[in-house]
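**Student:** what follows is a predicted protein model with its sequence.
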Amino acid sequence: MATADFLLDYLPIIIFLGLAFVIGVGFLAIPALVAPSDPDPEKVSAYECGFNAFDDARMKFDVQFYIVAILFIIVDLDVAFLFPWAVTLFNPELGVDRGFQVFSFWSMFVFIAVFAIGFVYEWKKGALEWR
């Protein structure tokens, strides 16, 4: 009787794993059944990467797309740092002293200044120009 009670404690985990398995198999099987098997030429044409999807892997490609992608990631990380900083900087519920708030403000100012200098440098070098 004790073994049955012990196994019943694991029933939610077994149900969760079974449901995860069914959903995973469903996400793999449904597109195979529903998706069209003959894509049009527009679907397999060059999109955001700038070169054809099924060409030689050693061909020359324009690095401009990757530079813009890296700049996007840098801006995205900048925003990811700015939101929590802005929310917590002058929040009186946190009980942060005034000296730390001033230090935090100027630290973020330096962070944004370094970012802005780098961005202007990239802009002046023509990294954002489409050729």
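**Tutor:** Good, I have the coordinates.

**Student:** show me which residues of the helix or strand harbouring F65 are buried.
**Tutor:** Under DSSP states H and E, the secondary-structure element containing F65 is helix 64-89. Buried residues in helix 64-89, counting neighbours by 16 or more other C-beta atoms under 10 Å, are found at L71. For every residue, glycine as well, the C-beta is placed using N, CA and C.

**Student:** what's the helix or strand following that helix packed up against?
**Tutor:** Downstream of helix 64-89, the next assigned helix or strand under DSSP H and E is helix 98-125. Applying 3 or more C-beta pairs under 8 Å, 6 or more residues apart in numbering; DSSP states H and E, one finds that helix 98-125 makes contact with helix 64-89.

**Student:** and the angle for the helix it packs on with helix 98-125?
**Tutor:** 160 degrees (axes from the mean of the first three to the mean of the last three C-alpha atoms, to 10 degrees).

**Student:** state the mean pLDDT of helix 64-89.
**Tutor:** Averaging the model's pLDDT scores along helix 64-89 yields 82.

**Student:** helices or strands next to it in the packing?
**Tutor:** helix 98-125.

**Student:** distance from the chain centre to the helix it packs on, please.
**Tutor:** Between the centre of helix 98-125 and the centre of its chain there are 23 Å (C-alpha atoms, centre = their mean, to the nearest Å).
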